[in-house]
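> predicted model, plus sequence, below.
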Amino acid sequence: MVKAVSARAPLPHLDDAVSKLRALLGERISTAQAVREQHSTGVFYSSNDPPDVVAFARSTGEVVEIVKICAGHGIPIIPFGTGTSVEGHIAAPLGGVSLDVSQMDRILAVHTEDLDVVVQPGVTRKALNTHIRDTGLFFPIDPGADASLGGMAATRASGTNAVRYGTMRENTLALEVVTADGRVIRTGGRARKSSAGYDLTHMLVGSEGTLGVITEVTLRLYGIPEKIAAAVCGFATLEGAVDTVISTIQSGIPIARIELLDDVQIDILNRIAKFDFPVRNTLFMEFHGTDASVREQAEMVQAIASDNGGGNFSWTTQAEERTKLWQARHDATWVDKQAYPGWDVWATDVCVPISRLAEVVLSSKKDAAEAGLVAPIVGHVGDGNFHMLVMVKPDDPAYLARIHALNDRLIARALAAGGTCTGEHGIGLGKVEHLYAEHGDSMHVMQAIKQALDPQNIMNPGKIFRPAT
Ligand SMILES: Cc1cc2nc3c(=O)[nH]c(=O)nc-3n(C[C@H](O)[C@H](O)[C@H](O)COP(=O)(O)OP(=O)(O)OC[C@H]3O[C@@H](n4cnc5c(N)ncnc54)[C@H](O)[C@@H]3O)c2cc1C
């Protein structure tokens, strides 16, 4: 949707590098156009920057060899998990090798007594949960897509459960990483806490493939709660819904999920996915705990909701109904696309301190209306994180310019409120300038780290940092 046009010169030494990669991987490299395009497009971001080659690795040893070949010839490497990132993260503006680790998909160790798991980077979040279901444990981080755990670590992903269980930052204990010079490093361990030196794990979580290739991830697991209840409540006003979220969090209720879908989004869900929610600003919620604690939490939130104009608060412990509800939430983007055939979706992503959530959501909704844009709002509002899913009219540059301007104003508003330009989607190509606006002088520190670990700038170049001038 956001077109990144490039007319770059061919990389010198590419043919040499491809011959060596072919010798190493045989049929597991591809220069087919369709494969290259599939490895650069991502979601919501249409790129004209395919890599020159896609290489499929099956082991850390192969990743080391691929990195050494690329480093020896100055060829860029773009790590690739499942390609669901949304800010042009996997585009190859300088060409190079897309290093696809999706075939590194083994679960290496499940330590049920310690509640942790060691996985290869290509394991997806759903595959992990399927594998460990019988242990009574689960991994809670759930970006809407079935992303790879390496990609999720690389983007510091989160999702609907983050309000209770945290993000990839809180849930990644350790990493194995191949750095730009082909060395294998291990960061962290399985201990729940450590004061041992610089925290390299959490420097690499969120580094978007710009510092190295993650080849192993150690993650925290949680016991599947004894009881899970889901609830829905519609509100007369958006303020009422957001104020309910703020009071719930400020009261310390340990809610597991609290998601906002505004009236525009609910209307689309009803029309396209055949739900029959009242067309109101609505909260989808989930409570985890014992029978008694789930009931207590639900009743407390119901009382808060009712003080804020919430009606028809309904809740259920039926697994089937819960699944249907969360599927509806996760499908919002695809349903929006169906409602506007031929149009695209631009998912914005800001996060603000919870006390500023109401003003930022309300002024952003007003802004979209004044700009004449269709922009349903969904959000992990318990964290102060929300998305406007702005519908993009095809082939209309003026319309697209209005969306860019809306996104810029949204981010400026979030930053002014003490928030961030991205709560979970990351920077990629799309938010480089916003990152500089957010971090100012700290960008020099990030640049120094990048320079120290990747002096040739071969690891996912063009992302996070402005191009060198
Ligand atoms: C419908 C939809 C809903 C979404 N909802 C959410 C959400 O709720 N929360 C959220 O956080 N995100 C969400 N996302 C975005 C996306 O799913 C996440 O960014 C996800 O973490 C990307 O994982 P991936 O495996 O697809 O990574 P990719 O897209 O393959 O890669 C993403 C970035 O990580 C790097 N990378 C990938 N693997 C590695 C590796 N092994 N080592 C080093 N770097 C690597 C890549 O180079 C790239 O920079 C959503 C996306 C869609 C399409």
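Okay, I see it. Numbers count the residues shown, from 1 in each chain.
> which residue packs closest to the residue in the stretch 301-450 of the chain positioned nearest to the ligand, ignoring adjacent ones?
Residue nearest to the ligand within the stretch 301-450 of the chain (Cβ to the nearest ligand atom): residue 424, separated by 3.3 Å. The C-beta positions use only the backbone N, C-alpha and C, and glycine is treated the same way. Here the nearest residue to residue 424 in space, its sequence neighbours aside, is residue 158; by Cβ to Cβ, 6 or more residues apart in numbering that works out to 4.6 Å.
> against residue 108, how distant is that neighbour?
Separation of residue 158 from residue 108 (Cβ to Cβ, to the nearest Å) stands at 24 Å.
> these two: which has the busier surroundings?
residue 158 (27 against 13; other Cβ atoms under 10 Å).
> show me what contacts the more buried one?
141, 143, 166-168, 380, 383, 385, 423-424 (Cβ atoms under 8 Å, 6 or more residues apart in numbering).
> which of the helices or strands spans the residue of the chain found nearest the ligand?
Closest residue of the chain to the ligand, Cβ to the nearest ligand atom: residue 151 (2.2 Å). Element membership for residue 151 (DSSP states H and E) is helix 149-155.
> CA atoms only for the next helix or strand after that helix - export them in CSV, please.
Following helix 149-155 in sequence order, the next helix or strand is helix 162-165 (DSSP H and E). Below are the C-alpha coordinates for helix 162-165, written out as CSV (Å, rounded to 0.1, in the frame of the first residue of the first chain):
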residue,chain,number,x,y,z
ALA,A,162,-0.1,-8.0,27.0
VAL,A,163,-2.0,-6.1,29.6
ARG,A,164,-1.7,-9.1,31.9
TYR,A,165,1.3,-11.1,30.6
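> quick revisit: count of residues packed around the closest residue to the residue of the chain closest to the ligand other than its chain neighbours?
Excluding its sequence neighbours, the residue lying closest to residue 151 (Cβ to Cβ, 6+ apart) is residue 81, at 2.9 Å. Residues lying near residue 81 (other Cβ under 10 Å) number 27.
> just the one 10 residues further on next, same as before
Applying other Cβ under 10 Å, we find 30 other residues in the vicinity of residue 91.
> which SS state does it fall under?
Here residue 91 is recorded as coil under DSSP: H, G, I helix; E, B strand; the rest coil.
> can you pull the contacts of the residue nearest to residue 151?
Residue 81 neighbours (Cβ under 8 Å, 6+ apart): 101-102, 121-122, 147-152, 154.
> could you redo the last one with a cut-off of 6 Å?
Residue 81 is in contact with 148, 150-151, counting by Cβ atoms under 6 Å, 6 or more residues apart in numbering.
> dump these to CSV, plus pLDDT and neighbour count.
What follows is the contacts of residue 81, written out as CSV (pLDDT from 0 to 100; neighbours: other Cβ atoms under 10 Å):
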residue, pLDDT, neighbour count
148, 98, 30
150, 98, 30
151, 98, 30
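> can you pull the residues of the stretch 1-150 of the chain lying near the ligand?
With Cβ under 6 Å from any ligand atom as the criterion, the stretch 1-150 of the chain meets the ligand at residues 42-43, 78-86, 89-90, 101, 121, 143-145, 147-148, 150.
> among those residues, which lie within strands?
In strands, defined here by DSSP state E, the members of those are 78-80.
> from those, which is closest to residue 177?
Of all these, residue 177 sits closest to residue 79, with 10.2 Å by Cβ to Cβ.
> what's the longest helix in the chain?
Once the chain is assigned using DSSP state H, the helix that runs over the most residues is helix 397-416.
> correct me if wrong: residue 304 contacts residue 242.
No. Between residue 304 and residue 242 there is no contact under Cβ atoms under 6 Å: 12.0 Å.
> more crowded one of these two?
residue 242 (26 against 21).
> what about the residue nearest to that one when sequence neighbours are not counted, how many residues close to it?
Closest residue to residue 242 apart from its sequence neighbours, by Cβ to Cβ, 6+ apart: residue 358 at 4.3 Å. Neighbour count for residue 358, taken as other Cβ under 10 Å: 19.
> backbone dihedrals for residue 358, please?
phi -60, psi -50 (degrees, to the nearest 10).
> what residues sit buried inside stretch 292-306?
The neighbour-count check on stretch 292-306 (16 or more other Cβ atoms under 10 Å) flags 294-295, 297-298, 300-302, 304-305 as buried.
> low-confidence ranges in this structure?
1-7, 45-47, 469 (pLDDT under 70).
> domains of it?
Here the domain parsing of the chain from automatic domain parsing is 14-102, 107-223, 227-416.
> of all those, which lies closest to residue 452?
domain 107-223 (9.4 Å).
> measure that closest one end to end?
18 Å (Cα to Cα, to the nearest Å).
> now it: how far from the chain's centre is it?
13 Å (Cα atoms, centre = their mean, to the nearest Å).
> cool, stretch 389-409 as well?
21 Å.
> pull out the buried residues from it.
389-393, 399-400, 402-403, 406-407.
> ranges for the helices of the stretch 51-200 of the chain?
60-73, 125-132, 149-155, 162-165, 168-171, 200-204 (DSSP state H, counting those that start in this stretch).
> same check on the stretch 301-450 of the chain?
Applying DSSP H, counting those that start in this stretch to the stretch 301-450 of the chain gives helices spanning 319-330, 332-339, 357-370, 397-416, 432-439, 442-453.
> format the ones you listed as a markdown table; extra columns: distance to residue 37.
Shown next, in a markdown table, are those (distance: least, Cβ to Cβ, whole Å):
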| stretch | distance to residue 37 |
| --- | --- |
| helix 319-330 | 26 |
| helix 332-339 | 20 |
| helix 357-370 | 31 |
| helix 397-416 | 21 |
| helix 432-439 | 22 |
| helix 442-453 | 28 |
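> export these to CSV and tack on distance to the ligand?
Shown next, in CSV, are these (distance: least, Cβ to the nearest ligand atom, whole Å):
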stretch, distance to the ligand
helix 319-330, 7
helix 332-339, 4
helix 357-370, 17
helix 397-416, 16
helix 432-439, 13
helix 442-453, 12
